[in-house]
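>>> turn this into a model:
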Amino acid sequence: MNKITRAFISVFRQSSWSRNGDPNLGRQLSYKSDLSLDKIYPGARLQINTPPPLVSVDRGFRGLKKCISQPPCSGNKFSGFIPIDKLEITYSRSSGPGGQHVNTVNTKVDVRFKLAEADWIPEQTRLELLKTLVNRITKEGYYYIKSDLTRSQHMNLADALEKLRTIIRAQETVKVGAPSGETLEKLRRRQERAARERLQLKRGRTQVKADRRGPSVVDF
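Purely as a prediction, here's the structure:
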């Protein structure tokens, strides 16, 4: 008898089954794996993020509609949302070892987009990216990201998008300015004090070794 059957029998015996049915019985009988978060971390505060709602967008072709995820509003900070419909994604054959499977499946991912027109990136961050990536942007204004880390299209696409997120967030980090003269003076004094303590400890060890030696024999 497996766990689900035993759980069903125990809950069924404890529940008062009426003609209309118990509305809480379905919740009690819902299957939950032994590897669920509340069982692995019983004392932790679980923070489950709900994905943003889907927005229906009319594509204008035979009345078809496409559902895209609405980006969360986060002010001047990049939220991590990358609209797939604004990227140009192509697949090709991967290089490197892998046998005949490499020559038959297009797993390499090439992602490109026009950085100057990427309105899903905050304006200040986009300007910093244009300065930093000026040598990696084509004449047409495209920025390329490639990934052939694995032999799966989906995993390579996820890797390319994660690379893009890392590059964008790197421009939003707080840049530390040059240290002031007072800070440099404190560092210099700290280094001098550490050097004096090191030399003093070294002299102490030298004296201990000298005291361990026996008296020297003097021939008169």
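>>> please enumerate the helices of the protein.
For the chain, the helices defined by DSSP state H cover 3-14, 25-28, 37-40, 123-132, 153-170, 181-212.
>>> turn the ones you listed into CSV, including mean neighbour count, mean pLDDT and distance to residue 113.
Yep, even glycine has a C-beta here, placed from its N, CA and C like the rest. Shown next, in CSV, are the helices of the chain (neighbours: other C-beta atoms under 10 Å; pLDDT from 0 to 100; distance: least, C-beta to C-beta, whole Å):
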stretch, mean neighbour count, mean pLDDT, distance to residue 113
helix 3-14, 11, 65, 48
helix 25-28, 12, 50, 45
helix 37-40, 10, 71, 35
helix 123-132, 14, 90, 11
helix 153-170, 16, 90, 9
helix 181-212, 10, 92, 42
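>>> select, out of these, the one closest to residue 139.
The closest of the helices of the chain to residue 139 is helix 123-132. By C-beta to C-beta, the value is 14.1 Å.
>>> ok, and what's touching the closest one?
Identification of contacts with helix 123-132 by C-beta atoms under 8 Å, 6 or more residues apart in numbering yields 76, 78, 115, 116, 118, 121, 137, 167, 168, 171, 172.
>>> that older thread, which stretch among the helices of the chain comes nearest residue 85?
Ranking the helices of the chain by their distance to residue 85 (criterion: C-beta to C-beta) puts helix 153-170 first, at 13.4 Å.
>>> show me what the closest one is in contact with.
In contact with helix 153-170 (C-beta under 8 Å, 6+ apart) are residues 78, 80, 82, 89, 91, 106-109, 111, 121, 125, 129, 133, 145-150.
>>> hmm, which of the residues you listed are the buried ones?
Restricting these to buried positions leaves 78, 82, 107-109, 111, 121, 125, 129, 145-149, with burial counted as 16 or more other C-beta atoms under 10 Å.
>>> which of the residues you listed sits closest to residue 214?
Lowest distance from residue 214 to the buried ones among the contacts of helix 153-170 (C-beta to C-beta) belongs to residue 149, with 67.5 Å.
>>> could you dump the helices of the chain to CSV with distance to residue 95?
Converted to CSV, the helices of the chain look like this (distance: least, C-beta to C-beta, whole Å):
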stretch, distance to residue 95
helix 3-14, 47
helix 25-28, 52
helix 37-40, 39
helix 123-132, 28
helix 153-170, 13
helix 181-212, 48
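>>> which one of the ones you listed lies nearest to residue 141?
helix 123-132 (9.5 Å).
>>> tell me the pLDDT at residue 80?
Residue 80 carries a pLDDT value of 85.
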